[in-house]
Structures are given as C-alpha cells and as structure tokens.
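In: Sequence first, predicted coordinates after that:
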Amino acid sequence: MQALRFEKTGSLDNLSLANIEKPPLAPGEALVRVKAAGINGSDAAAVLGILPFVTTPRTPGRDFSGQVVEALDDSGVVLPEWVGADVWGTGSERGFTSDGTFAEYVKVPVTALSQKPKTLSHCEAASMTLPWLCAWITVDTLANVKKGDNVIIIGARGGIGSAAAQLCKDQGARIFGTFTSLANVTPPSYLTPIELTSSTAIREAIAKEGLQNKIDVLLDCAGYETPFNDALFTMTPVGTGRVVVMAAHAKDGLFPINMRTFYTKALTMKGMKSSILNSGEIKAFLDELSSKIDSGAFEGPKAIKTVDMRDMGAVRAALQEILTRAAHVRSVIVP
C-alpha cells in the first residue's frame with residue numbers, strides 16, 4: 001500500500017510517499033480502507049520533532065474515516081457484521097508510537113470501531129474527529145462545564161474552539177468567543193463574539209455585559225499571552241474558576257502569565273492532552289457524537305479542503321498551514 005512516511009524528525013521535507021506492506025492483523029483487530037484522514041497540528045508537530053515521544057520510522061495521522069475490509073474477533077475468526085461498515089476514529093497513540101492514518105489502510109482494535117455519521121461524507125467525518133475529541137475532553141472531563149456557567153473560549157473560530165462552543169451550548173452555558181477579526185465571519189447565534197481589537201478587548205466586552213469577576217470557565221484554544229491574561233482578569237475570584245489550556249503558539253512553548261491575577265482569583269488550571277482516553281472511551285464518545293450529528297443536535301463542518309496524498313507539495317503546505325493556524329477551513333488527506 002502507499003503511505004506517507006518519515007524516517008527521522010526535524011523537517012516537513014522528511015515526509016515522503018512510500019510503498020509499504022499492509023498492516024498485518026492480529027485477533028481482535030480490523031483493517032480499514034482509509035477514505036480520508038484529517039490533518040491536525042499534532043501531525044505536523046510529530047514530523048517536526050516537537051513531540052519528544054514520537055518514534056521513527058512512522059506514518060503520521062490520527063483521524064480517519066473509511067470502510068472496514070476485514071475484522072477478526074479475539075480468537076481470529078472473521079466478523080462479517082463489521083465488513084463493509086463505514087467507520088471513523090481518532091486519538092490514542094496512533095501516528096506517534098504506532099503507524100497512523102496517512103495511508104491507504106490503517107488497523108484499529110475491533111472494540112474501538114465506531115460507525116461514522118450517516119449524514120456526513122468521509123471527508124467531512126475525518127475532518128472533525130480529533131478537534132471534537134479535544135473539545136469534549138476540555139469541556140466535559142477537565143472544565144466540567146455545567147448549566148449556568150459563563151464561559152470564554154479563546155479561538156472560537158478554530159476546529160476545537162467551535163466544537164467546544166457547541167458542547168458548552170449543549171450543557172446550557174453562556175458562551176463568549178474571541179475572534180481575531182469579525183470581517184466576513186458570521187458567529188453562531190448562541191455565542192457572543194469578542195473581536196480582539198485591543199489588549200483589553202475581552203475585559204471590556206465582559207464588563208459591558210455586567211459579568212466582570214463572574215466568568216466561571218476559560219478555554220484557551222489559541223495559546224497567545226495577551227488574550228489569555230486579558231481573560232484571566234474577568235474570572236470569578238471565589239475559588240471555583242477553571243482554566244483549560246491546549247495550545248502554546250510560541251515555538252518554545254512559553255508565554256508570561258499574570259500570576260498575581262491567577263492566585264488572587266484562586267483559579268485552577270489544567271492542560272488538555274488528547275491521548276488521555278483509552279480506545280473504549282474514545283469509541284463511546286464518537287458513538288454519541290455520531291448520533292447527535294445525525295439527529296441535528298450538533299453541526300458538522302461547513303467547508304472542507306481535500307489534499308491528494310500523492311501531491312507532496314500540497315501535503316507539506318497543508319501541514320505547515322495548520323501548524324501556523326493560517327486557515328479556518330479544515331483539510332483532509334485523500335489516499
């Protein structure tokens with residue numbers, strides 16, 4: 001089969017198209033023909049060597065949507081009920097310490113198989129699995145957003161931020177979302193937009209709403225110091241404020257935090273790591289997400305950009321683009 005491979009990290013130029021053997025199946029595993037594979041910042045980071053736990057040689061890629069071509073139970077007997085099923089998946093250590101989805105085929109534990117939403121194409125489905133998983137971990141597991149919470153999402157236009165907004169709405173929270181610019185943007189009706197026109201734009205918008213010192217949750221999906229510290233200023237000082245961080249835009253991962261504001265408001269901060277859930281937990285989430293998308297409770301992506309796996313220039317450009325957050329339209333690789 002054909003797959004994208006890198007033998008060493010350090011540069012996107014190390015990624016190349018290669019012919020390799022299909023992954024052999026062990027009992028309890030399924031072979032999926034990849035129809036589309038979502039491109040995420042962690043894929044680019046893996047190739048560049050930013051993530052120290054990535055092993056080589058490796059096929060990157062964490063998200064996929066495709067069709068099951070073979071499935072074996074724990075004793076090695078074929079499971080005909082799964083053959084031909086349209087499935088999607090994400091997460092775990094795939095693409096980091098085991099081969100990922102930027103390939104014609106990927107193997108998946110049978111217990112992790114989840115049927116993709118019927119109302120989405122393979123490209124649409126593959127574009128959203130990891131961003132939605134990250135958003136769900138952030139909103140549900142880490143921030144524990146609940147009805148009546150006031151929530152600020154920094155980076156509400158991105159894949160994770162926009163998914164987090166839908167999840168917060170589902171929980172009954174009031175949502176404020178930041179946008180670098182509101183030009184040519186139509187924010188969803190359930191979110192109050194904040195355009196980052198100054199270093200104090202967030203606190204000014206929150207004060208205008210009468211909610212200074214009443215923000216319960218801050219979700220930072222962007223990783224820039226100015227809006228982060230501006231948002232900290234708005235949070236509740238009674239010891240219940242929750243901050244979740246999932247990005248650091250600086251190459252060295254560092255930016256200053258106003259620690260005086262942080263400790264005088266008695267805040268709690270957690271970091272989001274998408275691989276903290278096991279395959280069974282991820283399947284349970286994807287099954288629920290699939291059902292809610294098909295029912296219309298959640299919205300899928302509005303636009304997708306496809307990238308031919310054999311066009312290495314386009315592949316590298318897409319990886320660079322998402323690493324620098326230069327686009328708001330999700331890209332997928334098509335084998």
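Out: Structure's in. What do you need?
In: Helix, strand, or coil at the most centrally placed residue in the chain?
Out: The centroid of the chain falls nearest to residue 131 when counting by CA atoms, centre = their mean (2.1 Å). Of the three states, residue 131 takes helix under DSSP: H, G, I helix; E, B strand; the rest coil.
In: check contacts around the residue lying closest to it once chain neighbours are set aside.
Out: Excluding its sequence neighbours, the residue lying closest to residue 131 (CB to CB, 6 or more residues apart in numbering) is residue 159, at 3.4 Å. From N, CA and C alone the C-beta is placed, and that goes for glycine too. Under the criterion of CB atoms under 8 Å, 6 or more residues apart in numbering, the neighbours of residue 159 are 127-128, 131, 330.
In: Mind picking the lowest-pLDDT entry from the residues you listed?
Out: Ranked by pLDDT, the contacts of residue 159 bottom out at residue 330, which has 91.
In: contacting residues around the closest residue to that residue other than its chain neighbours?
Out: Excluding the flanking residues, the one nearest residue 330 by CB to CB, 6+ apart is residue 127, at 4.0 Å. The contact partners of residue 127, by CB under 8 Å, 6+ apart, come to 36, 38, 63, 159, 301, 304, 330-332.
In: Repeat the analysis, applying 6 Å as the threshold.
Out: Residue 127 makes contact with 38, 301, 304, 330, 332 under the criterion CB atoms under 6 Å, 6 or more residues apart in numbering.
In: Now do the closest residue to residue 97 other than its chain neighbours against residue 165, distance only.
Out: Excluding its sequence neighbours, the residue lying closest to residue 97 (CB to CB, 6+ apart) is residue 55, at 5.1 Å. Shown here: residue 55 relative to residue 165, a distance of 35 Å by CB to CB, to the nearest Å.
In: Of the two, which one has the most company?
Out: Using other CB atoms under 10 Å, the more surrounded residue of residue 55 and residue 165 is residue 165, with 26 against 11.
In: So which of the contacts of residue 159 is the closest to residue 268?
Out: residue 131 (24.0 Å; CB to CB).
In: Verify the contact between the closest one and residue 163 for me.
Out: Yes: if you go by CB atoms under 6 Å, residue 131 and residue 163 touch, sitting 5.3 Å apart.
In: For the stretch 101-250 of the chain, which segments count as strands?
Out: Using DSSP state E, counting those that start in this stretch, the strands found in the stretch 101-250 of the chain span residues 105-109, 114-115, 150-154, 174-179, 191-195, 217-220, 242-245.
In: Buried ones in the next helix-or-strand element following the last one, by neighbour count?
Out: Just to be clear, that refers to strand 242-245. Note on strand 242-245: by DSSP states H and E, the next helix or strand toward the C-terminus is helix 259-264. Neighbour-count burial for helix 259-264 flags 261-262 (criterion: 16 or more other CB atoms under 10 Å).
In: C-terminal to helix 259-264, what's the next element?
Out: With secondary structure assigned by DSSP H and E, helix 259-264 is succeeded by strand 268-271.
In: Any regions of the stretch 201-335 of the chain where pLDDT drops low?
Out: 326-327 (pLDDT under 70).
In: let's see 50
Out: Applying pLDDT under 50 to the stretch 201-335 of the chain flags no residue at all.
In: For it, which segments count as helices?
Out: For the stretch 201-335 of the chain, the helices defined by DSSP state H, counting those that start in this stretch occupy 201-208, 225-232, 259-264, 279-295, 312-323.
In: Check the strands of the stretch 101-250 of the chain for me and report the most buried one.
Out: Highest mean neighbour count among those (mean count of other CB atoms under 10 Å): strand 217-220, with a mean of 28.
In: That one pairs with which strands, and in what direction?
Out: Strands that pair with strand 217-220, judged by DSSP bridges, come out as strand 150-154 (parallel), strand 242-245 (parallel).
In: Could you give the separation of the longest strand along the chain from the chain centroid?
Out: Secondary structure of the chain per DSSP state E: the longest strand is strand 29-38. Chain-centre distance of strand 29-38: 18 Å, with CA atoms, centre = their mean, to the nearest Å.
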